[in-house]
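Engineer: turn this into a model:
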Amino acid sequence: MESVPRSVPHSPEAERAVLGGMLLDPARIPLVQETLKAEDFYRSAHQKLYELMSSMHLAGDPVELVAVVEVISRGGKADEYGGLAYVASLADEVPSSENIGYYARLVSERATERRLLEGARSIIDMTAGGERSLRELIEYAESTVYQIGQQKQTGDWRQMSEVVDEEFIRIQQLANNSGDVTGISTGLVDLDKILAGLQRTDLIILAARPAMGKTALALNIARNVALGGHGVGIFSLEMSCGQLVTRMLVSQARVHAGSVRTGMLSRDKDWPALVDAAEKLYQLPVFIDDTPGQNITAVRSKARRLKSPHPELALVVVDYIGLMSGDPGVSRQEQVASASRGLKGM
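Structural biologist: Numbering: from 1, shown residues only. Next up is the predicted model:
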């Protein structure tokens, strides 16, 4: 079966409308800049013209037709912008700049569709290459689509009255269910008194010097949350699944870790405690991924994939953030900061 060639998604009319609107009403340029980047335009001439007008606006220069044409003429590369006559015609094609936001969204949507096509082609090429495992292919596909979607997630201003209404309803609900813990209990009484439990969208970082018990505390909280009927996902970038579960077994059974490592376990006390702990942990909705060196994109993608069949998932633990991989072109501090922002956005 022959594939039917399709044109690349783009809207030349919308692109011209955006550029013409910017020439007609430069005051609306910031509105366009919130939605579009130069690479969102399909035609290279439109990309260059958008970059030029944006830079002129940033410099405080007038972004009017005469001024823009003058700058292009001085550069001696009018052909790169489609020609002086073409630039002059853009303002004539737009009767008003009133709908410039709508046209900007159209250009943005077509650009996202093109990125999806490019991502799909790269997924097809990687799959056809036969050099990656099925798991790696799925993770790459999820990561590719997820990154494209994230590029267009933007927030906007919200009026205080809207937020007040939402928060007042939330406070009323808390008052109807008043208590020391309004979120998910950590199982640690003193910590719950401070935090009122784990709250939705919270990013909590356990910071301390090495060998101070950060992992042990995180695992205890994870176990207690799971005992409360909530799902828990654990990304273990340092220890294997077996090591992690052994630590949880030892903690639950209250058996000395050294006895487990050496196998010196008493039959009358240690073994019954371990069997009882194993039965309790066996039933818990805890999921562990011990793939080393994962980046923030993989972590977020896997967390979303876990959430889909397990809607009870309420806590994700990453042990630890310092072992997450990142962009090798930036400093380690910037890599960790980027991972922290990504985790907060989960």
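
Engineer: quick one: contacts of stretch 43-57?
Structural biologist: By CB atoms under 8 Å, 6 or more residues apart in numbering, the residues outside stretch 43-57 that reach it are 10, 12, 15-16, 18-19, 22-23, 26, 29-30, 33, 36, 38-39, 41, 62-63, 67-68, 71-72, 80-82, 86-87. (Glycine included, C-beta is placed from N, CA and C.)

Engineer: for ChimeraX, write the selection for the buried entries among the residues you listed.
Structural biologist: If you want just the buried ones from the contacts of stretch 43-57 in ChimeraX, going by 16 or more other CB atoms under 10 Å, the selection is:
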select :10,15,16,18,19,22,23,26,29,33,36,41,63,68,71,72,81,82,87
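
Engineer: taking the contacts of stretch 43-57 one by one, which sit in strands?
Structural biologist: Among these, no residue falls in strands (DSSP state E).

Engineer: using CSV, write out every CA atom in the helix or strand hosting residue 172.
Structural biologist: In the assignment (DSSP states H and E), residue 172 maps to helix 160-176. The C-alpha trace of helix 160-176 is given here as CSV (Å, rounded to 0.1, in the frame of the first residue of the first chain):
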residue,chain,number,x,y,z
MET,A,160,-7.9,37.1,43.1
SER,A,161,-11.6,36.6,43.4
GLU,A,162,-11.4,33.2,41.7
VAL,A,163,-8.6,31.9,43.9
VAL,A,164,-10.3,33.3,47.0
ASP,A,165,-13.5,31.3,46.2
GLU,A,166,-11.5,28.1,45.6
GLU,A,167,-9.4,28.4,48.8
PHE,A,168,-12.5,29.3,50.9
ILE,A,169,-14.2,26.1,49.8
ARG,A,170,-11.0,24.1,50.6
ILE,A,171,-10.8,25.7,54.0
GLN,A,172,-14.5,24.9,54.7
GLN,A,173,-13.7,21.3,53.8
LEU,A,174,-10.8,21.2,56.2
ALA,A,175,-13.0,22.7,58.9
ASN,A,176,-15.6,20.0,58.4
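
Engineer: quick check: pLDDT value at residue 302.
Structural biologist: Looking at residue 302, its pLDDT reads 84.

Engineer: just give me the neighbour total for it.
Structural biologist: Applying other CB atoms under 10 Å, we find 20 residues neighbouring residue 302.

Engineer: for it, what are its contacts?
Structural biologist: 139, 233, 235, 289, 294.

Engineer: if we can go back for a sec, so which of the contacts of stretch 43-57 sit within helices?
Structural biologist: Members of those lying in helices (criterion: DSSP state H): 12, 15-16, 18-19, 22-23, 29-30, 33, 67-68, 71-72, 86-87.

Engineer: where in the stretch 51-200 of the chain is pLDDT low?
Structural biologist: 150-157, 177-180 (pLDDT under 70).

Engineer: for the protein, what's the longest helix?
Structural biologist: As assigned by DSSP H, the longest helix anywhere in the chain is helix 100-129.

Engineer: report the angle between that one and helix 12-24.
Structural biologist: Regarding helix 100-129 and helix 12-24, their directions subtend 140 degrees when assessed with axes from the mean of the first three to the mean of the last three CA atoms, to 10 degrees.

Engineer: which elements pack onto helix 100-129?
Structural biologist: Helices and strands touching helix 100-129, by 3 or more CB pairs under 8 Å, 6 or more residues apart in numbering; DSSP states H and E, are helix 12-24, helix 29-33, helix 134-151.

Engineer: in it, what's buried?
Structural biologist: So for helix 100-129, counting by 16+ other CB under 10 Å, buried means 100-101, 103-104, 106-108, 110-112, 114-115, 119, 123, 126.

Engineer: what do you get for stretch 296-316?
Structural biologist: For stretch 296-316, by 16+ other CB under 10 Å, it's 296-303, 306-307, 313-316.

Engineer: can you classify residue 234 as helix, strand or coil?
Structural biologist: Per DSSP: H, G, I helix; E, B strand; the rest coil, the local secondary structure of residue 234 is strand.

Engineer: run through the bridge partners of it.
Structural biologist: residue 288, residue 317 (DSSP bridges).

Engineer: tell me the one among the ones in helices among the contacts of stretch 43-57 nearest to residue 208.
Structural biologist: Set against residue 208, the nearest of those by CB to CB is residue 33 (42.8 Å).
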